[in-house]
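Novice: 3D model of this:
(2 chains)
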There are 2 protein chains.
Amino acid sequence: MAGTDTTKTSATAPGPRIVLVRPQLGENIGAAARAMLNNALEDLALVAPREGWPSEAAVKMASGADTVLEKARVFDDVETAVADLSRVYATTARPRDMTQRVLTPRAAVAELRAHVAAGEAVGVLFGPERSGLTNDDLVQAEAVIRVPLNPAYASLNLAQAVLLVAYEWFQAGDATPEAVLETHDSRPAEKAELEGFFARLIAGLEAGGFFRSPGLKPVMIRNLRALFQRATPTEQEVRTLHGVVSSLTGSWCGTAERRRAAQDDTVDS
Amino acid sequence: MAGTDTTKTSATAPGPRIVLVRPQLGENIGAAARAMLNNALEDLALVAPREGWPSEAAVKMASGADTVLEKARVFDDVETAVADLSRVYATTARPRDMTQRVLTPRAAVAELRAHVAAGEAVGVLFGPERSGLTNDDLVQAEAVIRVPLNPAYASLNLAQAVLLVAYEWFQAGDATPEAVLETHDSRPAEKAELEGFFARLIAGLEAGGFFRSPGLKPVMIRNLRALFQRATPTEQEVRTLHGVVSSLTGSWCGTAERRRAAQDDTVDS
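Specialist: Numbers count the residues shown, from 1 in each chain, chains lettered A, B, ... in the order given. This is a model prediction of the structure:
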């Protein structure tokens, strides 16, 4: 399973209960369980699943998220499924003829995280595949989550709706830096190391007759420096670049003839 | 299709090309097309799909996103699929033994949107279901997107990976307010309307003997006011609340006997 580190155990910090209301297909319950575990959510409640419970189709789709299915609880109605929760939000794609507070998933999980931080038990309702939650389901919740989507094609699969809410939940609590340069065994080159490479490169280019117009030389050097600075090479890469220059100037494999030949070539800029 | 407004046409603003590299299952291509159209992306490229193309399984899963499949283009290799793009980002779940810039989806789409705004053509690579992109695929891209997920269960279905990147793309360009009170035919009550209700409520409670402890009366009134203020009722709801108070005090259906009976009741606070 690409990307999964089986030596790590799931995070078990409290998160929202995912309540699937009258789900029609076991496959979708399984896929929802997978989306939950991807985002470290494990409290699954099923209200009157149409095909009964347990479901072989659900297990088949959950591929590894069986733990979520095994712990899932089945309820007869929404009221019972949320009885012990202080905060319930409901997902819906369709506007309703009701006065309701409507949130994006991102804004909703910010509120849910604040509630959880205050020690409150929270949950999110998801309706049946075909029709979504009824208005009577919706009034079990204090606010509505609606995912902003292409208005011409806003229909989400049940498991995808669960994924987006669970994903936003996880992101809101995750400290992964937005952007990072992964250098593994190496490290970003120090500027002096980069200077060493520039010196060798420029010497090689001078020997090769690259700077045919002395007036343009400073600009050409600046532009080359900017390119390599922008690439933010590692120390290992700077060493490789030294080798590249040596190889191209012939000093790497190094006979005097090849070096002279390289210097006779005219490099077009 | 719940939530889809068929009178609206798809947004066709330029967005990233979604490049599925050696996808194994037609179903996943169809589900990816659906996730794309949900987020107003329509440029799909397929590199050497294992089951060939076109794919009946893909059409079956796309449920309405056929337009994306019909316009999809098939390429022999990644190089050709991205030849006309200026910026290519690659998704991967696994860390690689390569020096690479790694971004969250949110940070990546911010960059991609900046590139698109500058008139550049951009794309995102997604690898095969089982193994993900090879290192040779990855070096066709200038940066890597990795979705922060539960480290104990980070494996995403191909279509779900496409959904998360496409979703972030759409959210970054969407102006939906984070939270809004939908009031439909009504409007939020003006404070004077709310005052009118408070006056009637307090009068009814006084008549009913609710304020048995005169010292606590101001606090009890403040707490009730805070509750109704927090609910931010609409003008229509304030009218309903007037009716509720009238009904409870008996003046709504209104015989003198019922009014007297109501006043004899002691309401516990």
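Novice: quick one, domains of chain A?
Specialist: A:17-172, A:191-264 (automatic domain parsing).
Novice: do you know which of those domains lies nearest chain B?
Specialist: domain A:17-172 (2.6 Å; Cβ to the nearest Cβ). Every C-beta, even on glycine, is put in place using the N, C-alpha and C of the backbone.
Novice: start and end of stretch A:68-84, how far apart?
Specialist: 19 Å (Cα to Cα, to the nearest Å).
Novice: in it, what's buried?
Specialist: A:68, A:69, A:72, A:75, A:78, A:81, A:82 (16 or more other Cβ atoms under 10 Å in any protein chain shown).
Novice: need the residues you listed in a markdown table (columns: distance to residue A:206).
Specialist: A markdown table is the format used below for the buried residues of stretch A:68-84 (distance: Cβ to Cβ, whole Å):
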| residue | distance to residue A:206 |
| --- | --- |
| A:68 | 66 |
| A:69 | 69 |
| A:72 | 72 |
| A:75 | 79 |
| A:78 | 78 |
| A:81 | 77 |
| A:82 | 76 |
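Novice: and these, which is closest to residue A:187?
Specialist: residue A:68 (40.1 Å; Cβ to Cβ).
Novice: wait, residue A:207 touches residue A:249, no?
Specialist: Yes. Residue A:207 lies in contact with residue A:249 (Cβ atoms under 8 Å); the separation is 6.7 Å.
Novice: neighbour count for these two, which is higher?
Specialist: residue A:249 (20 against 14; other Cβ atoms under 10 Å in any protein chain shown).
Novice: ok so residue A:88 is a helix residue?
Specialist: No. Residue A:88 sits outside any helix when classified using DSSP: H, G, I helix; E, B strand; the rest coil, being strand.
Novice: what's around the residue nearest to it when sequence neighbours are not counted, how many residues?
Specialist: Closest residue to residue A:88 apart from its sequence neighbours, by Cβ to Cβ, 6 or more residues apart in numbering or on different chains: residue A:141 at 4.3 Å. Under the neighbour criterion other Cβ under 10 Å, residue A:141 is assigned a count of 24.
Novice: could I get the buried residue list for the helix or strand residue A:197 falls within?
Specialist: Element membership for residue A:197, per DSSP states H and E: helix A:191-207. For helix A:191-207, burial by neighbour count (16+ other Cβ under 10 Å) applies to A:193, A:194, A:196, A:197, A:198, A:200, A:201, A:202, A:204, A:205.
Novice: tell me what the helix or strand that it is followed by is packed against?
Specialist: From helix A:191-207 onward toward the C-terminus, using DSSP H and E, the following helix or strand is helix A:217-230. On a contact count with 3 or more Cβ pairs under 8 Å, 6 or more residues apart in numbering or on different chains; DSSP states H and E, helix A:217-230 meets helix A:191-207.
Novice: anything in the helix it packs on near chain B?
Specialist: No. With Cβ under 8 Å from any Cβ of the partner chain as the criterion, chain B is not reached by helix A:191-207; the gap is at least 14.6 Å.
Novice: what angle separates that helix from helix A:217-230?
Specialist: 140 degrees (axes from the mean of the first three to the mean of the last three Cα atoms, to 10 degrees).
Novice: roughly how far out does helix A:191-207 sit from the chain middle?
Specialist: Its chain's average C-alpha position is 39 Å from that of helix A:191-207, according to Cα atoms, centre = their mean, to the nearest Å.
Novice: next: stretch A:200-209.
Specialist: 44 Å.
Novice: what do you get for stretch A:173-192?
Specialist: Distance, centroid of stretch A:173-192 to centroid of chain: 17 Å (Cα atoms, centre = their mean).
Novice: and what of stretch A:152-165?
Specialist: 17 Å.
Novice: mean confidence score for it?
Specialist: Per-region confidence: stretch A:152-165 scores 95 on mean pLDDT.
Novice: start to end distance for it?
Specialist: End to end - Cα to Cα - stretch A:152-165 spans 21 Å.
Novice: can you check stretch A:169-180 too?
Specialist: 22 Å.
Novice: which other residues reach that stretch?
Specialist: Stretch A:169-180 has contacts (Cβ atoms under 8 Å, 6 or more residues apart in numbering or on different chains) with A:13, A:15-16, A:38-41, A:106, A:109-110, A:112-113, B:101-104, B:106-107, B:148-150.
Novice: now that stretch: average pLDDT?
Specialist: Averaging pLDDT along stretch A:169-180 yields 96.
Novice: would you mark the buried spots in it?
Specialist: Quick answer for stretch A:169-180 (16+ other Cβ under 10 Å): A:169, A:170, A:171, A:173.
Novice: in helices, which of those fall?
Specialist: A:169, A:170, A:171 (DSSP state H).
Novice: chain A: strands as residue ranges?
Specialist: Counting by DSSP state E, one finds strands in chain A at the ranges A:17-21, A:44-47, A:73-75, A:87-91, A:100-103, A:122-126, A:143-145, A:179-182.
Novice: quick check: angle from the first one to strand A:122-126?
Specialist: Spelled out, that is strand A:17-21. Using the same axes, to 10 degrees, strand A:17-21 lies at 30 degrees relative to strand A:122-126.
Novice: and residue A:150, how many neighbours?
Specialist: Here the number of neighbours of residue A:150 (other Cβ under 10 Å) works out to 23.
Novice: any idea of the pLDDT on residue A:7?
Specialist: pLDDT, read off for residue A:7, is 57.
Novice: isn't the residue nearest to residue A:88 up against residue A:91?
Specialist: No. Contact criterion Cβ under 8 Å: residue A:141 and residue A:91 do not qualify, at 9.1 Å.
Novice: now do the shared contacts for those two.
Specialist: residue A:125.
Novice: got a list of what residue A:137 touches?
Specialist: A:21, A:78, A:90, A:125, A:127.
Novice: can you list those in CSV and add distance to chain B?
Specialist: Shown next, in CSV, are the contacts of residue A:137 (distance: Cβ to the nearest Cβ, whole Å):
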residue, distance to chain B
A:21, 14
A:78, 18
A:90, 13
A:125, 14
A:127, 8
